[in-house]
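Asker: Need a 3D model of the sequence below.
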Amino acid sequence: MTIAPLPDADKRLAALKARIYEALEYLGEPPTHWMPRREGTTHDIVIVGAGQAGLAIGFALKREGIDNFVLLDARPAGQEGPWRRHAKMETLRSPKDLVGPEQGIAELTFRAWYEASFGTKAYDQLGKIPTGQWMDYLLWYRDIADLPIENNAAVDRLEPVEAGLKVRVKRDGEIENLIARKVVLATGMDGFGQALIPECVRAGLPEDRYANCLEEVDFTALKGRRVAVLGAASSAFDYAAEALEADATRVDLFCRGPALAEHNRFKQINYPGVSNHYVDLDDADKWHVMTALTSRAVAVIRPTLERCTRHDNFHIHLNAGWRRADIVDTEIRIESEAGNHRADFVIVGTGFDMAPEARPELAAFANHIARWRDRYTPPPGEDSHVVAAFPYIDSDFRLVEKTAGAAPYLSDIHFFAWAGSVSNGRYSSEVSSLRYGVPRLVRALCRDLVRADAEFHVAKIRTLPKPEFERDEYKAESDE
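Answerer: The predicted model follows:
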C-alpha cells in the first residue's frame, strides 16, 4: 500500500537537513582540505559508481577534509545502482532499522528521513523498506552530502601512467581522460565480471529470447507468453513474480537441487564482532566460512515466495538443471533433468561469473589480478571452484598482484564491491555493512596518500607556525 507523504513533509525535511548541518558544524566538519596537489593529476581519488556505497565513501572523504575527488556513474542522475532498474523485489530483504550509510549521524538515517516524510506512526507500522523508498532516501542522502558527482560518465578503461592512474571516461560519445592517484571501484554485484549465463542458453538461444537478472526487462511484453526462469535464488523469484504480475500465461521456475534453499546462510555473518573483524581472520578460516556460505543459493524470503506461489500458473521444478535449450518452430524447447518443457522467453537467474576481463575498467590488467586460487591452497575435501575464482583483496580493499612486481599500480585500485566478500566479508556487499567497511576504506586511502606525501607533511610539520605572541609583549629580568 502506498502511503502519501505528510502535508508538511517538505518543511519537516528542510528542518531535518538543517539539524544535520548543525551536527556537522558541532563536529567541526568538514575540515579545511589538507592534501597537497600532485602535479600531473586531475584528482586525488576517483570513485567509480555513485550508488549507495559510492555516496557513503564520498561523504566520508569529505568529512576527512579530502576535496579533490569525483564520483563517476554511467547512469543518469537518480538511476544509479539497481533500485530503479533490475532490483525487482518489492522491499529490501534487510530489516527497516538497519544501520548503513549515515556514519554515526542519527538524523541521516533512513528512519529519520521516513519519519520526517511520513510520520512516526507510519514508521512504526512499516514492515520492510519498500525498494522505491530506499532509492528516494538515497537521493535525499545525495542532496545532503552535496558531493561532486558526474552522471552519464562511463569508465571504459584504467591504465597506469607516470602520475598515477589514467581513467578514461566516455560521455555521449566523447572521451575524457582523468588522472587519479587512487581509484575506488564501487561497482556493485557484478563489479568483477558479469551475469552467469549457462552455456546451454548462450549457445542454444538467440539473445532476444532470454534475459538475465541484471537486465531491465520489458515485462509488459511477456503478457500472454510462457516464461521459463532458470535459477532459484531471490532475484530469480523476483523476476518470476514480475512476469506473473504482468499476466504471463505460465511461469516455470527451475531449481537444480532437490528442494529450494531454506536458509539465508549469510545471516550468520551479520553481527558486530564478525562484521567488523571478519577481515582479521586468517585465510584458512575465511575459506572455511565462505565455502559453507556459498555452497547453496541464499534462500528466498517468505514474502517473495508467496508473491509467486499465490499465482496458480506458477510452477516450481526440482532436480531440474538444464541440459539443453533451443528454438524449434519459433518456440523454446527446454530439456531439463526433470523432463522437457516449452516456453516463449527465458529469464536467467544463476548468479555471477567472476570474469574481470568482461569489465571494461578491469580488462586491460585482468590477468594480473590475484584470485583466491593464486593465494590459498585448501585442505583435501574443501575445494571450491566458486570461492577460488573470487579476487584476493587485502584488508585495505586493494587489488593484489598475481605475480609480485608485474602490476604494482594495482595497489592504488581499491575494490569495494560484492566480489570482495571472500576477502573482506560483507563490508562491500550489504547496506548494513557500510558502517564497517567505509571507515576502513577511507582510513586506508588517507593513510596511503599521506605516506606518499610524507616529505610534504614532514616539512609542513617542521615549519614553525605563527608565533603565539611577539617578543616585545614581555620583559625578562636580567641576572646581571
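Asker: Mind naming the longest strand for the chain?
Answerer: The longest strand of the chain (DSSP state E) is strand 174-185.
Asker: Report the distance from the next helix or strand after that strand to the chain centre.
Answerer: For strand 174-185, the following helix or strand on the C-terminal side (DSSP states H and E) is strand 193-195. Offset of strand 193-195 from its chain centre (C-alpha atoms, centre = their mean, to the nearest Å): 14 Å.
Asker: quick one: low-confidence parts of the protein?
Answerer: 1, 427-429, 479-480 (pLDDT under 70).
Asker: That one - how does it break down into domains?
Answerer: Annotated domains of the chain cover 9-186+430-457, 197-261+296-350 [automatic domain parsing].
Asker: The closest residue to Glu150 other than its chain neighbours: how many residues sit nearby?
Answerer: Spatially, and ignoring its direct neighbours in sequence, Glu150 is nearest to Leu72 (5.4 Å; C-beta to C-beta, 6 or more residues apart in numbering). In this view, the C-beta of every residue, glycine as well, is placed from N, C-alpha and C. Neighbours of Leu72 under the rule other C-beta atoms under 10 Å: 23.
Asker: sorry, back to before: out of the domains of the chain, flag the one nearest Phe365.
Answerer: When these are compared by C-beta to C-beta, domain 9-186+430-457 sits nearest Phe365, at 7.6 Å.
Asker: How far does that closest one stretch from one end to the other?
Answerer: Start-to-end span of domain 9-186+430-457 (C-alpha to C-alpha, to the nearest Å) is 47 Å.
Asker: before we move on, what about stretch 327-344?
Answerer: 9 Å.
Asker: ok, now stretch 362-371?
Answerer: Stretch 362-371 has its terminal residues 14 Å apart, counting by C-alpha to C-alpha.
Asker: Please apply the same query to stretch 288-300.
Answerer: End-to-end for stretch 288-300, by C-alpha to C-alpha: 24 Å.
Asker: can you redo the domains of the chain as a markdown table with distance to Pro360?
Answerer: Listed next are the domains of the chain as a markdown table, based on distance: least, C-beta to C-beta, whole Å:
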| stretch | distance to Pro360 |
| --- | --- |
| domain 9-186+430-457 | 4 |
| domain 197-261+296-350 | 15 |
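Asker: among the ones you listed, which is nearest His368?
Answerer: Checking these against His368 by C-beta to C-beta gives domain 9-186+430-457 as the closest, at 10.7 Å.
Asker: coming back round to it: give the other helices and strands that the longest strand of the chain contacts.
Answerer: For strand 174-185, the packing partners by 3 or more C-beta pairs under 8 Å, 6 or more residues apart in numbering; DSSP states H and E come out as strand 43-48, strand 164-171, strand 413-415, helix 434-452.
Asker: Name the residues that touch it?
Answerer: For strand 174-185, the external contacting residues (C-beta atoms under 8 Å, 6 or more residues apart in numbering) are 38, 40-49, 54, 57, 70, 158, 161, 163-169, 191, 361-362, 397, 412-417, 441, 445, 448-449, 452.
Asker: Buried subset of the residues you listed, written for ChimeraX?
Answerer: Applying 16 or more other C-beta atoms under 10 Å to the contacts of strand 174-185, the buried members can be selected in ChimeraX as follows:
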select :38,41,42,43,44,45,46,47,48,49,54,57,70,158,164,165,166,167,168,169,191,361,362,397,412,413,414,415,416,417,441,445,448,449
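Asker: Who are the contact partners of the residue at minimal distance from the centre of the chain?
Answerer: When C-alpha atoms, centre = their mean is applied to the chain, the residue found nearest the centroid is Gly188 (3.2 Å). Residues near Gly188 by C-beta under 8 Å, 6+ apart: 49, 51, 53, 81-82, 417-418.
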